[in-house]
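Colleague: show me the folded form of this:
(chains A and B)
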Amino acid sequence: MTSTAAVPVAPVLHAGDTIRRSDRRLGVVMLAPAVTYIALLVALPFLLALFLSLTNSSAGSLEFSFVGLSNFRAVIASPVFQRALRNTFVFTFVSQLAVIVLGNVLARALMRPFFGKTLARFLILMPWAAPISLATLGWLWIFDSTFSVINWVLKVAGWLGPGQWYYWLGDTTLGMVAIVTIHVWRMLPFSTVILLAGLTSIPNEVREASAIDGAGTLARIFQIEIPMMRPILTVAVLFGVVFTFTDMSVVYLLTRGGPYNSTHVLASLAFQDGVLGGDVGRGASVAIFLVPVLVVLAIVMLRSSRRAEVV
Amino acid sequence: MAAAVSPGRRALGVVVHRATILFFLAFAVFPFYWMVVTSFKQNADLYVGATNTAHNPFIFNRAPTLDHLRLLFGQTLYLTWLSNTLLVGGIVVVITLLLTVPAGYSLARLTGRWGERLSIGIFLTYLVPSTLLFIPFSRLVSLMGLQNSLWSLVVIYPTFTVPFCTWLLMGFFKGLPKEIEESAMVDGCSRAGAVWRIVLPLAVPGLLTVVIFALTLVIQEFVYSLTFISSVQRMTVSVGVPVALVRGDVYYWGSLMAACLITSVPIAIVYNIFLDRFIAGFTVGAIK
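Modeller: Got it, this is the predicted structure:
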């Protein structure tokens, strides 16, 4: 594996390994286009988002004036926003908790050899590879109000009695269950393959040594393997959180935030206010609420990568 | 602890293991299985209603049909969306390569400490989500006069391909031994010449990973495409199918599911082939 730790950097004793001045110049020239692009199209728009959240900018015109923090005040006072904020955390937390627990189970199961393992790995990976909007569409059909196959199974199993029916996307609680299900379904393969890479990187001698020392399976898993996999667990959790926390596709396509705006997340609400509603300032201020969590995640990621370098 | 496990317990272990695998397989695959079944069912078999417990929806109760596929390819803009997506994808791949190959090489070989810091900074920009940037971009796109144009996507999509691919290629170039360029340079090649003639041919697997990764990200992208493209003829496949294939309140589920399936399966196959490299990209630093 390549790792940031393995990079020999400038101050090495013999001159051949230090970076020559002409090479340094070439290095800057080669980096410039990518860095310029990122500065212009990621950093600048990011600042523009902060700026727009302080204005009354709207989709129809390019004119705007400063309104200070009044967008934020209006947004925070709005029950729809409060609900969306809560939903975003609930969806992310519940789905990622499930993903990390199930991902550990599945990764362990995939470690053992069995017939058809290659095919199984391919099939298990499919939810992550499929475009999210199309996968969500598949689930929309599964959760259909009239033709839901889940309801059919529940009817046949006797769970739903005569006259009883689940309107998956017309009910707040069921809608939330549906959204979390899709997030788990989609992120589970991603975490599993990352955890699998972590598990396979643990040398077999460690397992043998722990067996010789008399450690049972559970002790081995919780006291040796999971601590050893900490950096990789962090990677899986962080990316899982980022992808779930900032996603709007699932909610937008599945429930459109309904019924009565009760299943919105920050991202889908920002889209509804800022793009569909044309209130750019307000949409921007809703989306800004994603930033603190992303900053925290970035810090955790930096710290864990530094720790990985030290080890 | 008993080192020798009794045959009974071992058999139980195998059963539990297989059951676990089957459970997860069913969960992962069911939506796709459902797409297959829906794509080929006659409408009379499809729209029965889940209250009818006598009608098993999991199987074909009537002969399979190709009607939905015919509708999808003959009477919808699916193929247009597909070609729009590939057009955008192709250009974005070229832009991504032009920006990330030099940057990745530079970070791997030509910059010292500050390059390492910068590379982490570049990677962190991958965390800035489309759902935060689509609002400022909607302003910028209208300033540039690119509303409802595929060019808006061409300009914006590298924002998510460039950071990750720079990182991926940096890792890849670091994995190549330094001596190969150095010996070429001893033989009188310039650094740039050595990169062009010696390093790039060796880096083809890395470049291919970037191509595949950028292309799949473009096909999967939904938010920007939904925000900036409004005419049906110019949509990409990930937006056209869910937004424009639904006519009014009528869902053509057979054709919809066929579109989802046909788009997803090829991506899943290439993803699977390149999986190990993608994981390497995500876990640089966390595994040795």
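Colleague: ok, and the closest non-adjacent residue to residue B:195?
Modeller: residue B:105 (6.1 Å; C-beta to C-beta, 6 or more residues apart in numbering or on different chains). C-beta here means a position set from N, CA and C on the backbone, and glycine is covered the same way.
Colleague: what about that neighbour, how many residues nearby?
Modeller: Using other C-beta atoms under 10 Å in any protein chain shown, the number of residues around residue B:105 comes to 27.
Colleague: same check, this time on residue A:236
Modeller: 28.
Colleague: hmm, it is touching residue A:196, no?
Modeller: No - using C-beta atoms under 8 Å, residue A:236 is not in contact with residue A:196, being 10.1 Å away.
Colleague: what separation do you get for residue A:77 and residue A:69?
Modeller: Per C-beta to C-beta, to the nearest Å, residue A:77 is found 12 Å from residue A:69.
Colleague: returning to that earlier point: helix or strand right after the helix or strand containing the residue nearest to residue B:195?
Modeller: Using DSSP states H and E, residue B:105 sits in helix B:78-105. Using DSSP H and E, the next helix or strand after helix B:78-105 towards the C-terminus is helix B:113-125.
Colleague: check which helices and strands that next one sits against.
Modeller: If contacts are counted by 3 or more C-beta pairs under 8 Å, 6 or more residues apart in numbering or on different chains; DSSP states H and E, helix B:113-125 sits against helix A:21-38, helix A:291-310, helix B:158-175.
Colleague: and the next element down the chain from that helix?
Modeller: Using DSSP H and E, the next helix or strand after helix B:113-125 towards the C-terminus is helix B:130-143.
Colleague: who's in contact with the helix or strand just after that next one?
Modeller: The helix or strand immediately downstream of helix B:130-143 is helix B:150-156, counting by DSSP H and E. Outside helix B:150-156, the residues that touch it by C-beta atoms under 8 Å, 6 or more residues apart in numbering or on different chains are A:41, B:84, B:87-88, B:91-92, B:95, B:137, B:141, B:144, B:146, B:218, B:221, B:224-225, B:228-229, B:234, B:236.
Colleague: do stretch A:83-103 as well
Modeller: Stretch A:83-103 is contacted from outside by A:176, A:179-180, A:183-184, A:187-188, A:191-192, A:195, A:233, A:236-237, A:240-241, A:244-245, A:257, A:261-269, A:286, A:289, B:24, using C-beta under 8 Å, 6+ apart.
Colleague: return the residues in contact with residue B:80.
Modeller: Taking C-beta under 8 Å, 6+ apart, we find residue B:80 in contact with B:233, B:240.
Colleague: for it, give its distance to chain A.
Modeller: From residue B:80 across to chain A, the span is 16 Å (C-beta to the nearest C-beta, to the nearest Å).
Colleague: if I look at that residue, what pLDDT would I see?
Modeller: Per-residue pLDDT puts residue B:80 at 94.
Colleague: ok, now how distant is it from residue B:217?
Modeller: Distance of residue B:80 to residue B:217, computed by C-beta to C-beta: 21 Å.
Colleague: near chain B, which residues of the stretch 201-311 of chain A are found?
Modeller: The stretch 201-311 of chain A comes close to chain B at residues A:201, A:211, A:214-216, A:231-232, A:234-235, A:239, A:242, A:246-249, A:252-253, A:266-267, A:270-271, A:274-275, A:280, A:283-284, A:287-288, A:290-291, A:294, A:297-298, A:301-302, A:304-305, A:308-309, as judged by C-beta under 8 Å from any C-beta of the partner chain.
Colleague: kindly recompute the last result at 6 Å.
Modeller: With C-beta under 6 Å from any C-beta of the partner chain as the criterion, the stretch 201-311 of chain A comes near chain B at residues A:201, A:214, A:216, A:231-232, A:235, A:242, A:246, A:248-249, A:253, A:267, A:274-275, A:280, A:283-284, A:287, A:290, A:294, A:298, A:305, A:308.
Colleague: so the helix holding residue B:105 versus helix B:158-175, what angle?
Modeller: 50 degrees (axes from the mean of the first three to the mean of the last three C-alpha atoms, to 10 degrees).
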